[in-house]
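*Asks:* The following block contains a protein sequence and its predicted model.
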Amino acid sequence: MDRINAIITGVGGYVPDYILNNDELSRMVDTNDEWIMTRVGIKERHILTEEGLGTSYMARKAAKQLMQKTGVDPDSIDALIVTTSTADYKFPSTASIVLGKLGLKNAFAFDFWGACCGFLYTLDVAATMIQSGRYKKIIVIGADKMSSVVDYKDRQTCPLFGDGAAAVLLEATEEQNIGVMDSYFRTDGKGLPFLHLKAGGSVCPPSHFTVDHRLHYLYQEGRTVFRYAVTNMSNDCAIIAERNGLNKDNIQWVVPHQANMRIIEAVAKRLELPMEQVMVNIERYGNTSAATIPLAIWEYENKLKKGDNMIFTAFGAGFVHGASYYKWAYDGSAK
């Protein structure tokens with residue numbers, strides 16, 4: 001019997017309407033457009049400003065668009081996984097809220113916590129579920145409302161992040177040499193001091209002290225994280241390429257996590273690829289954490305051709321990092 005493979009059969013995305021550009025940001029903190037563009041390459045980011053709306057709202061919007069585009073029968077979905085660092089609540093899961101709103105009757109749902117590597121890791125987990133033969137269709141959503149954990153008084157971190165969500169439908173196929181091909185993932189547990197959100201968990205529950213000391217916001221030691229990200233994302237891509245006989249002549253696309261333009265350029269350089277073959281949208285969205293990679297695929301979908309060799313790569317809090325090899329399964333322009 002032929003091996004079952006897992007392929008992406010469609011992609012949907014959503015970003016909020018409100019755009020926070022560098023000029024507006026420079027009126028909030030001591031920064032300016034030139035500094036932000038030179039350091040990270042971000043011009044604007046989308047922010048979910050409506051009261052009472054969280055990550056599940058954006059995830060639902062992306063999934064709804066995905067289901068409309070693919071025409072998939074909601075009753076045929078086996079599972080829905082949301083990967084996020086900014087869940088609506090401690091519990092229940094954000095995925096369960098999304099599933100309820102979408103009216104999926106035959107699916108189960110759970111959240112996956114992999115920071116900025118969330119989509120990379122979750123896609124692999126969903127692919128192995130499909131390859132097991134027990135599941136046929138899984139919706140994977142990367143979604144983050146980073147504005148909910150960003151301190152808009154911290155000039156180092158507030159320009160970096162935005163809000164957004166994107167969803168893919170992963171399906172089983174008996175077609176060979178297609179879809180999720182290989183992955184190289186690693187976690188280095190030394191990353192905690194350099195990138196974290198201190199309060200609100202079981203170690204440091206909410207209190208007047210944690211609120212007064214602004215401990216419910218993301219903390220990042222930028223230089224250290226940058227150094228680790230450049231090294232690991234570049235190395236991971238090189239490993240996955242070498243392992244699968246991939247090189248500058250047969251890689252069509254690299255889809256890097258959108259954290260910093262200089263990191264993205266370093267990855268492209270390591271793979272000896274021109275920037276035209278690298279998916280980049282950081283300038284307009286900033287770092288949307290788990291949503292960056294699927295949002296990029298959503299934007300570039302119409303340029304993708306069946307059989308395109310793609311490398312996804314990311315780095316995030318933990319530290320988590322990795323790269324995966326994916327072979328695109330349909331002509332994007334036909335969707």
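*Replies:* Everything's here; your move.
*Asks:* now stretch 267-276: mean pLDDT?
*Replies:* Stretch 267-276 comes out with an average pLDDT of 98.
*Asks:* Of all the residues in it, which ones are buried?
*Replies:* 267-268, 270-271, 273 (16 or more other C-beta atoms under 10 Å). Where you see a C-beta, it was placed from the backbone N, CA and C, and this is true even at glycine.
*Asks:* try stretch 90-99
*Replies:* 93-99.
*Asks:* Among the residues you listed, which one sits closest to K327?
*Replies:* A95 (27.1 Å; C-beta to C-beta).
*Asks:* Now do the same contact list for that closest one.
*Replies:* 59, 80-82, 109-111, 141 (C-beta atoms under 8 Å, 6 or more residues apart in numbering).
*Asks:* Report the secondary structure element holding N250.
*Replies:* N250 belongs to no helix or strand when assigned by DSSP states H and E.
*Asks:* should've said A167
*Replies:* Applying DSSP H and E, one finds A167 within strand 163-173.
*Asks:* Against which helices or strands is that strand packed?
*Replies:* strand 5-14, strand 44-46, helix 55-70, helix 118-131, strand 137-145, helix 292-300 (3 or more C-beta pairs under 8 Å, 6 or more residues apart in numbering; DSSP states H and E).
*Asks:* Next, the angle strand 137-145 makes with it.
*Replies:* 170 degrees (axes from the mean of the first three to the mean of the last three C-alpha atoms, to 10 degrees).
*Asks:* CA-only coordinates of strand 163-173 in PDB, if you can.
*Replies:* Extracted in PDB, the C-alpha atoms of strand 163-173 (Å, rounded to 0.1, in the frame of the first residue of the first chain):
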ATOM      1  CA  ASP A 163      -1.900  41.000  14.800                       C
ATOM      2  CA  GLY A 164      -3.100  38.400  12.300                       C
ATOM      3  CA  ALA A 165      -4.200  34.900  11.500                       C
ATOM      4  CA  ALA A 166      -4.000  32.400   8.600                       C
ATOM      5  CA  ALA A 167      -5.400  28.900   8.200                       C
ATOM      6  CA  VAL A 168      -4.600  25.900   6.000                       C
ATOM      7  CA  LEU A 169      -6.600  22.800   5.200                       C
ATOM      8  CA  LEU A 170      -4.400  19.700   5.400                       C
ATOM      9  CA  GLU A 171      -5.800  16.700   3.600                       C
ATOM     10  CA  ALA A 172      -4.800  13.100   3.000                       C
ATOM     11  CA  THR A 173      -3.700  11.900  -0.400                       C
END
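*Asks:* as a whole number, average confidence for it?
*Replies:* 99.
*Asks:* relative orientation of it and strand 5-14 in degrees?
*Replies:* Using the same axes, to 10 degrees: strand 163-173 against strand 5-14 is 150 degrees.
*Asks:* Tell me which strands the helix or strand following strand 163-173 pairs with, and in which orientation.
*Replies:* Note on strand 163-173: by DSSP H and E, the next helix or strand toward the C-terminus is strand 179-187. Its sheet considered, strand 179-187 pairs with strand 320-327 (antiparallel) by DSSP bridges.
*Asks:* returning to that earlier point: most neighbours per residue, which of the helices and strands packed on strand 163-173?
*Replies:* The highest mean neighbour count among those, using mean count of other C-beta atoms under 10 Å, belongs to strand 137-145: a mean of 30.
*Asks:* partners of it, with directions?
*Replies:* Strand 137-145 is paired, per DSSP bridges, with strand 79-83 (parallel), strand 163-173 (antiparallel).
*Asks:* Nearest to T70 among these would be which one?
*Replies:* Nearest of the strands paired with strand 137-145 (C-beta to C-beta): strand 163-173, 5.4 Å.
*Asks:* which of the residues in that closest one are buried?
*Replies:* 163-173.
*Asks:* Among these, pick out the one closest to V11, please.
*Replies:* V168 (5.0 Å).
*Asks:* so how far is M181 from that closest one?
*Replies:* 16 Å (C-beta to C-beta, to the nearest Å).
*Asks:* can I see the domain layout of this protein?
*Replies:* 5-177, 180-334 (automatic domain parsing).
*Asks:* residue ranges with poor pLDDT in this structure?
*Replies:* 1 (pLDDT under 70).
*Asks:* The same query, at a cut-off of 80, please.
*Replies:* 1, 335 (pLDDT under 80).
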